[in-house]
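K.L.:
I'd like to go over a predicted model; first the sequence, then the structure.
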Amino acid sequence: MILYALQKITKVFGSRRILDIDFLEIEEGKIYALLGPNGAGKTTLLDVLGFLEPLTSGEIIFKNRTVKYSENHLQKLRRNVVMVNQKPILFSTSVFKNLDFGLKIRNIPAPKRRLIIEESLDLVGLRHMIQAPAHKLSGGETQRVVLARALALSPQVVLCDEPTASIDLENQVETVNLLKTINEEKNISIILASHDRSQALSIAHHTLFIDHGSISDASYENLFSAIIHNADDGGATCTITPGIELTLSRQQKGKKRILLDPSKIELLDDGHPHSGPNILNGEILSLSKEKDNIRLMINIGIRLTVFLSSSQYRKKRPLVGDLVSIQIQPQAARIL
């Protein structure tokens, strides 16, 4: 079933068009990751999906019903959706009272509230802290209590805005696993905004890249600001940072954003430094498996992602710490 359908929506603040999405459908019961650079429109899109921001134009259909921007209708819709923010806020009371507040507003009887709170804290592994002072919790514990508070309200959708950005690595893993569990056990739809592509891909059924307020089919890998200078031969040169200059196959002058397709960057074979057009030397920082590809993070003065197929990886056998040369094909560059 389609949970959300967005049709020709825009959101404008002053003279800035923050969102401009022609069409988007989001399935019920799935995890979606919103990827994109800072300022791309991820948080604004979450606010729109949470019925917190009215549209400038366009239409949203939620569970086969058109959203009407009257306060009565919005209040009913908001009961279906909860937001988990990057820096969550808890009341300076006990963990129990933090979860109890929203349930009490919904006129749920006290004995039932207690059961819901215990079940929600069980799911996040914090039932033993039910009476703990919320202001004494660690960052990771706070995030788990916020997830429990969201679960207690029995939402159909949980919207997460960079939920792991302010916590340590161990708690990041714990939070990601909890989101998976919530989706699988409760069939709750989760829409997650993140700048961490690997983390998002580890959890999401679908990924959406957003840039300049629009949904793009581009990957969020290797997106850079660049200065492009046209050449006399009809091509162009692109300076990403001092010392990193690429030859492009088409002209487009000025300051642009450039996307380098990780699958069209070649890892050269022999392990010796190379020189030449679009050849750069660097060190492999990490290796990871991503669906059918092997993902390499290479430091060439900037961090660059390269995808190898499984057969390419078996042939080349690169290791973390190896010094390597890469060649960026002109067709790998896409100017946005």
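P.N.:
Great, that's in hand.
K.L.:
Which helix or strand contains the nearest residue to Ser225 once chain neighbours are set aside?
P.N.:
Leaving aside its chain neighbours, Ser225 sits nearest to Arg257 (5.9 Å; criterion: Cβ to Cβ, 6 or more residues apart in numbering). All C-beta atoms are positioned from the backbone trio N, CA, C, and that covers glycine. Assessed by DSSP states H and E, Arg257 sits inside strand 254-260.
K.L.:
before we move on, what about Ala33?
P.N.:
Going by DSSP H and E, Ala33 is in strand 31-35.
K.L.:
who does that strand touch, helix- and strand-wise?
P.N.:
helix 42-49, helix 169-186, strand 189-194, helix 197-203, strand 206-211 (3 or more Cβ pairs under 8 Å, 6 or more residues apart in numbering; DSSP states H and E).
K.L.:
Serialize those to CSV and add fields for distance to Gly235, mean pLDDT and mean neighbour count.
P.N.:
Output for these, formatted as CSV (distance: least, Cβ to Cβ, whole Å; pLDDT from 0 to 100; neighbours: other Cβ atoms under 10 Å):
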stretch, distance to Gly235, mean pLDDT, mean neighbour count
helix 42-49, 34, 95, 22
helix 169-186, 43, 89, 16
strand 189-194, 36, 94, 25
helix 197-203, 30, 77, 17
strand 206-211, 25, 86, 19
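K.L.:
could these go into TSV alongside distance to Ser325?
P.N.:
Shown next, in TSV, are these (distance: least, Cβ to Cβ, whole Å):
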stretch	distance to Ser325
helix 42-49	35
helix 169-186	31
strand 189-194	31
helix 197-203	24
strand 206-211	29
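K.L.:
Who's the closest spatial neighbour of Tyr78, skipping the chain neighbours?
P.N.:
Rather than Tyr, residue 78 is Arg. Phe51 is the one closest to Arg78 (Cβ to Cβ, 6+ apart), at 5.3 Å.
K.L.:
For that neighbour, grab phi and psi.
P.N.:
phi 60, psi 30 (degrees, to the nearest 10).
K.L.:
same thing with the one 3 residues further on?
P.N.:
Torsion angles at Pro54 (phi, psi; degrees, to the nearest 10) stand at phi -70, psi 150.
K.L.:
Can you give me the distance of it to Gly14?
P.N.:
Taking Cβ to Cβ, to the nearest Å as the criterion, Pro54 is separated from Gly14 by 15 Å.
K.L.:
neighbour count winner among these two?
P.N.:
Using other Cβ atoms under 10 Å, the more surrounded residue of Pro54 and Gly14 is Pro54, with 11 against 6.
K.L.:
residues contacting that one?
P.N.:
By Cβ atoms under 8 Å, 6 or more residues apart in numbering, Pro54 lies in contact with Tyr69.
K.L.:
for stretch 263-281, which positions count as buried?
P.N.:
In terms of neighbour count (16 or more other Cβ atoms under 10 Å), stretch 263-281 has its buried residues at Lys264, Ile265, Glu266, Leu267, Leu268, Asn278, Leu280, Asn281.
K.L.:
So which of the residues you listed is the closest to Asp196?
P.N.:
Ile265 (20.9 Å; Cβ to Cβ).
K.L.:
Now do the same for the residue nearest to Leu192 when sequence neighbours are not counted: helix, strand or coil?
P.N.:
Nearest non-adjacent residue to Leu192, counting by Cβ to Cβ, 6+ apart: Cys160, 4.5 Å away. Per DSSP: H, G, I helix; E, B strand; the rest coil, the local secondary structure of Cys160 is strand.
K.L.:
Surely Cys160 is in contact with Asn183?
P.N.:
No - with contacts counted by Cβ atoms under 8 Å, Cys160 stays clear of Asn183, the gap being 11.2 Å.
K.L.:
Around Asn38, how many other residues sit close by?
P.N.:
Count around Asn38 with other Cβ under 10 Å applied: 7.
K.L.:
what do you get for Lys76?
P.N.:
11.
K.L.:
for Pro163, same thing?
P.N.:
Pro163: 25 neighbours (other Cβ under 10 Å).
K.L.:
That one should be in a strand, yeah?
P.N.:
No - counting by three-state DSSP, Pro163 is not part of a strand but coil.
K.L.:
pLDDT wise, what is the nearest residue to it once chain neighbours are set aside at?
P.N.:
Leaving aside its sequence neighbours, Pro163 sits nearest to Val84 (Cβ to Cβ, 6+ apart; 5.2 Å). For Val84, the model assigns a pLDDT of 92.
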